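Chemist: No sequence on hand, only this structure:
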């Protein structure tokens, strides 16, 4: 395979490919890709979230941009607005159905599980298409410029970053092996969601596997004291092993979906390897200890959220660090913008994807 990144052509398997020219992204997920859904529905995610890049709360649980924002930049599209954000919002180049805390299965940390997100998309497509196609009587309706063009739905990129909360919520209330046993049912629900989208005309799918959940500083608060639990990078091994099993089964499901949905194109993206590489090479990349985080804190096992403060015996918990760019973790659960930049660089060109193709060319059948 030869890839030319300077232009808009890529050679894959001996054949020259042209850029897909995606005009829209429709994203489904959790806080790893939520650009305002949870904030619009349940209350503003406060400063210092958003401070580094946006200079104000941005609906993201991060000091700046997320991986999905860098995808939009790569494709020459505006940052995605959240479907749930109804004020001053344009959906002309897609919509984001992700919401922080969401899981694939019902339950967990958020009411906006994947079935709800898919239902929201189906309603969005139907209603926006009806509005777009209303007779204009020679005038362009004011709302039309903020709506997607109906023919863009079948040519859009459908992105997924979800599943982490199914595991983390499971770990919170169940033994590790019980959570491992949940995986087939979780992926049944995921496959069903993909088929629903396919039936609406979706064809191009970009699917992230789940990250090394055992490397989140939040995981270490609860699990680091158990003998033999940590690997050479200070990550909780049993949690990461379940994440890896989830990813193995997810990859197999993607192979099955490729065979069953012959008009669709699937790109499976190994985000786990990208994030673990960051953690393994933290010092060489200019980061501080990857088990530390920038904003928020813990008093024992009680979490002080980023943007909140608690004072215990004169010690202030919750304040942000002076330089977020030195941290992989922003708040113990979510990655910093500096980390997201590097993860996006590792995955956007396809070197960790199956097939190994960049996001701009993810419409091509392999």
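Modeler: Structure received. Small disclaimer: the values here were computed from a predicted structure and weren't measured. Residues are numbered from 1 along each chain as shown.
Chemist: Which helix or strand in the protein has the lowest average pLDDT?
Modeler: Within the chain, no helix or strand scores below strand 2-3, which has a mean of 32 by mean pLDDT, DSSP states H and E.
Chemist: if I pick residue 179, what's in contact with it?
Modeler: 167, 170-171, 242 (CB atoms under 8 Å, 6 or more residues apart in numbering). C-beta: built from backbone N, CA, C; applies to glycine.
Chemist: so how far is residue 222 from it?
Modeler: 14 Å (CB to CB, to the nearest Å).
Chemist: rewinding a little: reformat the contacts of residue 179 as JSON lines; add distance to residue 35, secondary structure and neighbour count.
Modeler: Converted to JSON lines, the contacts of residue 179 look like this (distance: CB to CB, whole Å; DSSP: H, G, I helix; E, B strand; the rest coil; neighbours: other CB atoms under 10 Å):
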{"residue": "167", "distance to residue 35": "23", "secondary structure": "helix", "neighbour count": "24"}
{"residue": "170", "distance to residue 35": "26", "secondary structure": "helix", "neighbour count": "24"}
{"residue": "171", "distance to residue 35": "26", "secondary structure": "helix", "neighbour count": "21"}
{"residue": "242", "distance to residue 35": "28", "secondary structure": "helix", "neighbour count": "24"}
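Chemist: how deep is the nearest residue in space to residue 122 that is not next to it in sequence tucked in, by neighbour count?
Modeler: Spatial nearest neighbour of residue 122, chain neighbours left out: residue 200 (6.1 Å); criterion: CB to CB, 6 or more residues apart in numbering. The number of residues packed near residue 200 is 14, by other CB atoms under 10 Å.
Chemist: for residue 200, what are its contacts?
Modeler: 121-122, 125, 153.
Chemist: Let's see which of those residues end up in helices.
Modeler: 121-122, 125 (DSSP state H).
Chemist: So among those, which ones count as buried?
Modeler: Among these, those scoring as buried are 121, 125 (criterion: 16 or more other CB atoms under 10 Å).
Chemist: I'd like the ones in helices among the contacts of residue 200 laid out as TSV, including distance to residue 359.
Modeler: Output for these, formatted as TSV (distance: CB to CB, whole Å):
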residue	distance to residue 359
121	20
122	24
125	22
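Chemist: And the helices in this protein, which stretches?
Modeler: 37-42, 67-74, 114-132, 164-173, 176-200, 217-223, 237-260, 271-280, 337-348.
Chemist: Look up how far residue 126 lies from the residue nearest to residue 122.
Modeler: Distance from residue 200 to residue 126, by CB to CB: 9 Å.
Chemist: How about residue 258?
Modeler: 27 Å.
Chemist: now residue 162
Modeler: Using CB to CB, residue 162 is found at 23 Å from residue 126.
Chemist: Compare these two (neighbour count), which wins?
Modeler: Just comparing residue 162 and residue 126: by other CB under 10 Å the higher neighbour count belongs to residue 162, 26 against 11.
Chemist: and residue 45, how many neighbours?
Modeler: 22.
Chemist: Check the contact between it and residue 61; I expect there is one.
Modeler: Yes - assessed by CB atoms under 8 Å, residue 45 is found in contact with residue 61 at 5.8 Å.
Chemist: Overlap in contacts, the two.
Modeler: Counting by CB under 8 Å, 6+ apart, the shared contacts of residue 45 and residue 61 are 38, 100.
Chemist: Leaving out sequence neighbours, find the closest residue to residue 39.
Modeler: With CB to CB, 6+ apart, the residue lying closest to residue 39 is residue 59, at 4.0 Å.
Chemist: residues touching the one you found, list them.
Modeler: 34-40, 45, 50, 82, 85.
Chemist: now residue 285
Modeler: By CB under 8 Å, 6+ apart, the contact set of residue 285 is 278, 342.
Chemist: and if you look at the one 10 residues further on?
Modeler: With contacts defined as CB under 8 Å, 6+ apart, the neighbours of residue 295 are 48-49, 63, 306-307, 318-321, 324, 330-331.
Chemist: Reformat these as JSON lines; add neighbour count and distance to residue 342.
Modeler: What follows is the contacts of residue 295, written out as JSON lines (neighbours: other CB atoms under 10 Å; distance: CB to CB, whole Å):
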{"residue": "48", "neighbour count": "19", "distance to residue 342": "21"}
{"residue": "49", "neighbour count": "27", "distance to residue 342": "20"}
{"residue": "63", "neighbour count": "30", "distance to residue 342": "15"}
{"residue": "306", "neighbour count": "26", "distance to residue 342": "21"}
{"residue": "307", "neighbour count": "19", "distance to residue 342": "25"}
{"residue": "318", "neighbour count": "19", "distance to residue 342": "26"}
{"residue": "319", "neighbour count": "16", "distance to residue 342": "25"}
{"residue": "320", "neighbour count": "21", "distance to residue 342": "20"}
{"residue": "321", "neighbour count": "17", "distance to residue 342": "18"}
{"residue": "324", "neighbour count": "22", "distance to residue 342": "14"}
{"residue": "330", "neighbour count": "29", "distance to residue 342": "14"}
{"residue": "331", "neighbour count": "28", "distance to residue 342": "18"}
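Chemist: Quick check: which of those residues has the minimum pLDDT.
Modeler: The member of these with the lowest pLDDT is residue 318, at 82.
Chemist: tally of neighbours for the residue lying closest to residue 136 once chain neighbours are set aside?
Modeler: Nearest non-adjacent residue to residue 136, counting by CB to CB, 6+ apart: residue 144, 7.6 Å away. Other residues near residue 144 come to 16 when the count uses other CB under 10 Å.
Chemist: swap in residue 117?
Modeler: Neighbours of residue 117 (other CB under 10 Å): 26.
Chemist: likewise residue 217?
Modeler: Residue 217: 21 neighbours (other CB under 10 Å).
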